[in-house]
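In: From the sequence below, what's the structure:
(one chain, ligands or ions: 1)
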Amino acid sequence: MKLGQNKTLFISDLHLDARHPEIADDFIRLVKDSLGHIDALYILGDFFESWIGDDDLSDFHQQIIHTLKFATQTGLPIYFMHGNRDFLIRKKFLAATGCQYLPDETVINLYGTPVLLMHGDTLCTLDVSYLKTRKKMRNPILQKLFLLLPLSLRRKIRDKIRASSQQHIQSAASEIMDVTQEAVFSVMQKHHVQYLIHGHTHRPATHSFMLHQKSAERIVLAAWDEGAHALIWQADGKKELVDD
Ligand SMILES: [Mn+2]
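Out: As a prediction, this is how the structure comes out:
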């Protein structure tokens, strides 16, 4: 029997992009340093800055795929959740990397504690215009049609969407871009959990509050624009947000 390492790692919002090779280097280093020392790695969305199809195999993407494959083949389970930027990751990518797909809003048993995992965008319920766009972009028929387009056209569409999303982020009020406590309570009650881990907002923190007269926690992961960042959850219940 293989003994566990009694530690699980959670990351999100790396926004991996060929224009920022230093972030990819941070990730590759994290994987190499973690191998043999952790039980599992959870990627909670926006791993890539954008993803327009599993057939978009640039050198940069190949390098990341190779790193993930190496890690899973070495025996590290890696779980992959879609974010709002890389939701077009499909089976081909998962097969090539050995990552296991994790639907948004999944409860895992973490050393005996039920923990809810989300990307986090659906918790930002004040951002009505984003949620409308999200609904369109998650339409399976539209996604299928988009993936049938030639790669060059998909790249053009991606650049357009990116520009309009940047405009929205710059113009929307700061509180609109954060989660609402109502959405947090509601989803935690729905899944009967006292712990929630998510990313998306780029506001790393551990929020403690009471839920059903018991202490509850919402742990928010950071983006990687200023270096590697992860949550380490130990089997004994100790949790730590670490920056590189
Ligand atoms: Mn996001």
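In: The closest residue to the ion within the chain: what secondary structure?
Out: Going by Cβ to the ion, the ion is nearest to His200 of the chain, at 3.7 Å. Bear in mind the C-beta positions are built from the backbone N, C-alpha and C, glycine included. Three-state call for His200 (DSSP: H, G, I helix; E, B strand; the rest coil): coil.
In: Against which helices or strands is the lowest-mean-pLDDT helix or strand in the chain packed?
Out: Taking mean pLDDT, DSSP states H and E as the measure, the chain has helix 151-171 as its least confident helix or strand, at a mean of 90. The contact analysis (3 or more Cβ pairs under 8 Å, 6 or more residues apart in numbering; DSSP states H and E) places helix 151-171 against helix 140-148.
In: what packs against the helix it packs on?
Out: If contacts are counted by 3+ Cβ pairs under 8 Å, 6+ apart, helix 140-148 sits against helix 151-171.
In: Of all the residues in the least confident helix or strand of the chain, which ones are buried?
Out: The neighbour-count check on helix 151-171 (16 or more other Cβ atoms under 10 Å) flags 154, 158 as buried.
In: what's the following helix or strand after that helix?
Out: Later in the chain than helix 151-171, the nearest helix or strand by DSSP states H and E is helix 181-190.
In: Just the residues contacting stretch 135-152, thanks.
Out: 52-53, 55-56, 84, 87-88, 90, 154, 157 (Cβ atoms under 8 Å, 6 or more residues apart in numbering).
In: ok, now with 10 Å
Out: Applying Cβ atoms under 10 Å, 6 or more residues apart in numbering, the external contacts of stretch 135-152 come out as 52-57, 82, 84, 87-88, 90, 153-158, 161.
In: Can you get me the start-to-end distance on it?
Out: Using Cα to Cα, to the nearest Å, the end-to-end distance of stretch 135-152 comes out at 25 Å.
In: related to what we said a few turns ago, could you check how many residues crowd around the residue of the chain closest to the ion?
Out: By the other Cβ atoms under 10 Å criterion, the neighbourhood of His200 contains 26 residues.
In: next one: Ala40
Out: Neighbours of Ala40 under the rule other Cβ under 10 Å: 19.
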